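>>> sequence unknown, structure follows:
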Ligand SMILES: O=P(O)(O)OP(=O)(O)OP(=O)(O)OC[C@H]1O[C@@H](n2cnc3c(O)ncnc32)[C@H](O)[C@@H]1O
Ligand SMILES: [Mg+2]
């Protein structure tokens, strides 16, 4: 079985390997476009990005399963929340989707995003570190290391893998 993940971001690739990395599974990472803004600004747009990546991965990677993971932000009355979505696509079915954990972003960070900046570089500037988005992520920083980006995406991939298994079992029962 060949699984294509539509991103080369190591935090995302690690999440797929954590769940699908058993014997007999080939996991290939390719960078495919999300076809949404580089900084998605709603649940809908972030979810759309994940679906586009999953379909793109399936199309360009010649695999059995395409997976897309996308990070974004979503405005609420409690401020700007970090949001994350995943999608799993197989030929002949509508993509399965699953949402990830969401947390509040501090006002200082939210203000920069509302001014048009991207979270990745804003986080590097804020922490004075490099490539936060490929490592612990904003979620790791603002949960004091309790949940890092790849753990958060691992949970999303488990939600996708479980739905995929459930659907497969159902289709062989009848
Ligand atoms: O290579 P890709 O797969 O594009 O990985 P990415 O880190 O850019 O991740 P996304 O495109 O899914 O995220 C959309 C934007 O939000 C930023 N972002 C999302 N979650 C983040 C996090 O936890 N930490 C840092 N930046 C994050 C990211 O840098 C992008 O600007
Ligand atoms: Mg990106």
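Yes, it's here. This one's a predicted model, so the numbers in the text were calculated from it and none came from an experiment. Residues are numbered from 1 along each chain as shown. Ligands and ions are numbered 1, 2, ... in the order given.

>>> Residue 75: how many residues sit nearby?
The burial metric for residue 75, expressed as a neighbour count using other Cβ atoms under 10 Å, is 14. Every C-beta, even on glycine, is put in place using the N, C-alpha and C of the backbone.

>>> Ignore what I typed, I meant residue 92.
Other residues near residue 92 number 5, with proximity taken as other Cβ under 10 Å.

>>> Would you verify that it is located in a helix?
No: under DSSP: H, G, I helix; E, B strand; the rest coil, residue 92 sits outside any helix and is assigned coil.

>>> Grab the nearest non-local neighbour of residue 114.
Distance criterion Cβ to Cβ, 6 or more residues apart in numbering; nearest residue to residue 114, sequence neighbours excluded, is residue 80 at 7.3 Å.

>>> Need phi/psi at the one you found.
The phi/psi pair for residue 80 (degrees, to the nearest 10) reads phi -80, psi 130.

>>> residue nearest the centroid of this structure?
Using Cα atoms, centre = their mean, the residue of the chain that lies closest to the mean C-alpha position is residue 69, 2.5 Å off.

>>> Tell me the spatial nearest neighbour of residue 19, not counting adjacent residues.
Across the structure, with Cβ to Cβ, 6+ apart as the measure, the residue nearest residue 19 apart from its sequence neighbours is residue 157 (4.4 Å).

>>> Please enumerate the strands of this structure.
Secondary structure of the chain by DSSP state E: the strands cover 2-5, 26-29, 65-76, 79-89, 96-99, 103-104.

>>> looking at the ones you listed, which is closest to ligand 1?
Of all the strands of the chain, strand 65-76 sits nearest to ligand 1, with 2.8 Å by Cβ to the nearest ligand atom.
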